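Peer 1: Could you work out the structure for the sequence below:
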Amino acid sequence: MKKYAVIVAALCVAFYMARIASAGSSRGDSVTRGLLCIHHYEGSWTDPNGPYYGGLQEDLKFQAAYGWIKIHGTVINFTTLWGTADHWPIWAQLQAGRNGYKSRGWWPWPNTARYCGLL
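Peer 2: Sure thing, here's the model as predicted:
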């Protein structure tokens, strides 16, 4: 199982890097830039202090709802692979933020989104 998780994680990294490259810059698109700004005002990528975890301060409900990536029809759940967001790679935390943004906009981070000029 651990070998499978490593292979899946490597595929996820490759997929994410391809998405960034296709956006035309090393910083990616406007959603990625917005999430990086939010991170600046939130916590460390490895912040283990609940009830909010990681660099985007995701609670457990947010992680369960948005902590995934779909590759060739297969959904990869980050909490199954790594536990809470403070153990996820940065790209996975950004992917969860991107998934959350698609569903809820910037509202999961109302104060920091305002600081960043996103709301």
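Peer 1: May I have the secondary structure class of the residue lying closest to residue 41 once chain neighbours are set aside?
Peer 2: Leaving aside its sequence neighbours, residue 41 sits nearest to residue 112 (Cβ to Cβ, 6 or more residues apart in numbering; 4.2 Å). The way it works is simple: take the backbone N, C-alpha and C, and place the C-beta from them, glycine included. What DSSP: H, G, I helix; E, B strand; the rest coil gives for residue 112 is helix.
Peer 1: give me the number of residues near residue 112?
Peer 2: Neighbourhood size, residue 112 [other Cβ atoms under 10 Å]: 20.
Peer 1: Could you report the pLDDT at it?
Peer 2: At residue 112, the model reports a pLDDT of 96.
Peer 1: I'd assumed residue 46 was in contact with residue 39.
Peer 2: No: applying Cβ atoms under 8 Å, one finds residue 39 not in contact with residue 46, separated by 12.0 Å.
Peer 1: Give me the common contacts of the two.
Peer 2: residue 55 (Cβ atoms under 8 Å, 6 or more residues apart in numbering).
Peer 1: Neighbour count: these two, which is higher?
Peer 2: Ranked by neighbour count (other Cβ under 10 Å), residue 39 and residue 46 place residue 39 first, with 22 against 14.
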